[in-house]
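Peer 1: any chance you can model this:
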Amino acid sequence: MTPADLNVRFAAVGAAAWGCVAYDALLPHMGAAAREKAGCLLPNPTTVLVAAFPYFTGETEGNLSVYARGSDYHAVLRERLNTICDFLLEEYDSYTFFSAADSSPLPEREAAWLAGLGLRGENGLLILPPYGSYVFLGTILTDAPLPFQEVASAPGCIGCGACKAACPTRALEGLGPCLSDLTQKKGELTPEETALLKTHPYVWGCDLCQTACPYNRTPRVAPLTEFTQGYLSDLTPDMLEGLTNRAFQEQFGHRAFAWRGPAVLKRNLSLKK
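Peer 2: Next up, the predicted model:
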């Protein structure tokens, strides 16, 4: 098994870039709970493969964050990464390969940066030209002795500060709440949180720090059909009216914004009136 072999395989499943990092190198970025969870998944992990999948579709207008407009990336990436796992199992049949996308204890962005992918954005995102920061990250945790050499960590971005200036709550400076988090918060909001969401252009997520980034001025459109077909940029109140939780899941369960159920979305939409 060589990097060239995996270059072909990762490209075939739609990854724009991939890399490899020793599991031990991630430990300083993992708390005790994350380490324990990783140990439950795999008792003696040695290596993490990390891959970036583009998702930009050429459109930014809408009240849903761009990442949530196509099919649920969790399922899309896991399916594609499982193809890589099957390929690796052909040579390492006595080892385990565990794929995940934003659902494992592994710090995916740190894994990508340590594996030398892209740039470290000031907004905490991986920037991968020519796709900008519009990329999903997926990982494969394994105990197999993969023969890959360490590479230099990803450098920082140009540090222009555009992303920080675009955030109305100064969340990137640790001075306020992240608007994306607020759109996903269950239960009652404080008056301050309500006021923020009333003026926020999104009912789910937030792309303000991304749209301001110079690396995202002309990002290349994603080649993955799951993120371009059945595209939904806006959610309206009439789409959710009268839907039970079950009916909501039947209609929207294949999308990344569905995991919170309809109540949070209905609340957010009601604040736009």
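Peer 1: now the strands: where do they sit in the protein?
Peer 2: Taking DSSP state E as the test, the strands found in the chain are 17-22, 47-54, 97-100, 119-120, 126-127, 135-142.
Peer 1: what does the first one contact?
Peer 2: The set of residues external to strand 17-22 that reach it, using Cβ atoms under 8 Å, 6 or more residues apart in numbering, is 6-7, 10, 46-52, 111-112, 114-118, 128, 146, 148, 150-151. Heads up, the C-betas are built off the backbone N, CA and C, glycines and all.
Peer 1: also the fourth one?
Peer 2: Contacts of strand 119-120 from elsewhere in the structure, counted by Cβ under 8 Å, 6+ apart, are Trp113, Leu126, Ile127, Leu128, Pro129, Ala154, Pro155, Gly156, Cys157, Tyr215.
Peer 1: narrow these to those that are buried.
Peer 2: Trp113, Leu126, Ile127, Leu128, Ala154, Cys157, Tyr215 (16 or more other Cβ atoms under 10 Å).
Peer 1: in helices, which of those residues fall?
Peer 2: In helices, defined here by DSSP state H, the members of the buried ones among the contacts of strand 119-120 are Trp113.
Peer 1: return the closest of the buried ones among the contacts of strand 119-120 with respect to Thr57.
Peer 2: Of all the buried ones among the contacts of strand 119-120, Thr57 sits closest to Leu128, with 16.1 Å by Cβ to Cβ.
Peer 1: now stretch 98-106: buried residues?
Peer 2: Within stretch 98-106, judged by 16+ other Cβ under 10 Å, the buried ones are Phe98, Ser99, Ala100, Ala101, Asp102, Ser104, Pro105, Leu106.
Peer 1: show me what counts as buried in stretch 149-164.
Peer 2: Buried residues in stretch 149-164, counting neighbours by 16+ other Cβ under 10 Å, are found at Ser153, Ala154, Cys157, Ala162, Cys163, Lys164.
Peer 1: would you turn those residues into CSV with distance to Arg260 and pLDDT?
Peer 2: Below are the buried residues of stretch 149-164 laid out as CSV (distance: Cβ to Cβ, whole Å; pLDDT from 0 to 100):
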residue, distance to Arg260, pLDDT
Ser153, 34, 94
Ala154, 32, 96
Cys157, 31, 97
Ala162, 30, 98
Cys163, 25, 98
Lys164, 27, 97
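Peer 1: greatest separation within these: which pair is it?
Peer 2: Ser153 and Ala162 (23.1 Å).
Peer 1: one step back: for Ala258, state which of the contacts of strand 119-120 is nearest.
Peer 2: Leu126 (24.7 Å).
Peer 1: for that closest one, give me its contacts.
Peer 2: Ala52, Arg109, Ala112, Trp113, Leu117, Gly118, Leu119, Arg120, Ser133, Val135, Leu137, Ala154.
Peer 1: one more pass at 10 Å, please.
Peer 2: 17, 50, 52, 108-113, 117-120, 132-133, 135-137, 154 (Cβ atoms under 10 Å, 6 or more residues apart in numbering).
Peer 1: can you check Ser71 too?
Peer 2: Contacts for Ser71 were tallied using Cβ under 10 Å, 6+ apart; they are Tyr55, Leu224, Thr225, Glu226, Phe227, Thr228, Gln229, Gly230, Tyr231, His254, Arg255, Ala256.
Peer 1: need the residues that contact stretch 229-249.
Peer 2: Stretch 229-249 is contacted from outside by 57-64, 66, 68-71, 202-204, 250-255, 257-259, 261-263, 265-266, 268-270, 272-273, using Cβ under 10 Å, 6+ apart.
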